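Enquirer: give me a model of this one.
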Amino acid sequence: MKQFKIAAFYEFKKVSHLSFLLKSLKVACGKHKLRGSVIIASEGINGTIAGLPAGIDEFLEYLGDMGFHNLNIKFSQTPNMPFYRSKIKIKREIVTFLNNPVDDQADRAEHIAPKDWNDFVNQKDVIIIDVRNDYETKIGSFKNSVSPNTKSFVEFKEYVDKQLSANKDQKIAMYCTGGIRCEKASYYMKEIGFHNLFQLDGGILKYLEEVDNKDSIWDGECFIFDNRVSLNKDLKTGKYDLCHGCNEPVAPSDKESIKYEEDVSCPQCYDNMTEDKKSRSRERSKQIKLSAQRGTSNVYLPKSAEEYV
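Expert: Below is the predicted model:
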């Protein structure tokens, strides 16, 4: 069966001529029929794109020609296109955290290769920090890791200031989905005096890509920001769906609850949602389904790799 290839990547690098780069990337994505999201800023590039394998490979070669030689790339595959469209944007940061771009020459965390991660975090003097948000950590994490219980990445700065500041000399090993949030946080943490910072190179995705299941200390699934919702240890689409009421993962057991309604609510958000919002969500879902039946929907539904042209 034909498969789409998904590439998640980022690089902190001083970038100029952002408008030119934006136009060039849009042309390249159109040429290779790629969908996904790419953010560019003066501090670098961050993206996840999907397409047929040859198109992905050519696009990544093109990024190399544009000066991105140290892209932290993670690959996976899926039979169905995981994105509805292509979105390429210029922003202040490639991942929102400090409201300012970072200097890519500044000190940052030391990267630990996935093959060395297990041994490193098993040291008794290492604190393992999950840099992701609470809705991500609840469906999977590394054993013995600490969750900051944040709702968004910008809250991680407050967690560092208030709860980690006493551990500036201790070994801290951080991980996130693909590595970018750890790296961005580490710029700040190094700046305020943390001395022993380490991060999982390539994040959870690279770990699952390179470490055999029999050796893995990953427990659960990995939340991702596309239509697949989550990936299991084999980097295949996991068991979770997404609630359109709160944008949090929905497990099969959640769907058995009377508080679950497709496209409307789940047990996590049902009690906090007004009846008016539920009614509007039901109507929106109804109109989308009717439009799809008539062939007039504005939602560009994903196709299988076999049908993709």
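
Enquirer: where does Thr296 land on pLDDT?
Expert: We have a pLDDT of 63 for Thr296.

Enquirer: for the stretch 151-300 of the chain, which segments count as helices?
Expert: 156-159, 180-191, 203-210, 275-294 (DSSP state H, counting those that start in this stretch).

Enquirer: identify each buried residue in the shortest one, please.
Expert: Think helix 156-159. By neighbour count with 16 or more other C-beta atoms under 10 Å, helix 156-159 contains the buried residues Phe156, Lys157, Tyr159. For the C-beta atoms, the positions are set from N, CA and C on the backbone; glycine is no exception.

Enquirer: do the same with stretch 271-281
Expert: Those would be Met273, Lys278, Ser281, for stretch 271-281 by 16+ other C-beta under 10 Å.

Enquirer: give me the mean pLDDT for it.
Expert: The pLDDT scores in stretch 271-281 average 93.

Enquirer: go ahead and name everything in contact with it.
Expert: Outside of stretch 271-281, the residues within contact range by C-beta atoms under 8 Å, 6 or more residues apart in numbering are His244, Gly245, Lys259, Glu261, Asp263, Val264, Ser265.

Enquirer: output that stretch as PDB - backbone C-alpha positions only.
Expert: Taking C-alpha atoms only, stretch 271-281 is exported to PDB below (Å, rounded to 0.1, in the frame of the first residue of the first chain):
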ATOM      1  CA  ASP A 271     -19.600  20.400  32.200                       C
ATOM      2  CA  ASN A 272     -17.900  23.600  31.200                       C
ATOM      3  CA  MET A 273     -19.600  24.100  27.900                       C
ATOM      4  CA  THR A 274     -22.800  26.200  27.600                       C
ATOM      5  CA  GLU A 275     -25.800  24.700  25.900                       C
ATOM      6  CA  ASP A 276     -25.600  27.500  23.300                       C
ATOM      7  CA  LYS A 277     -22.100  26.400  22.300                       C
ATOM      8  CA  LYS A 278     -23.200  22.800  22.100                       C
ATOM      9  CA  SER A 279     -26.100  23.800  19.800                       C
ATOM     10  CA  ARG A 280     -23.800  25.800  17.600                       C
ATOM     11  CA  SER A 281     -21.300  23.000  17.400                       C
END
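
Enquirer: below-threshold pLDDT in the stretch 51-200 of the chain: ranges please.
Expert: Within the stretch 51-200 of the chain, no stretch has pLDDT under 70.
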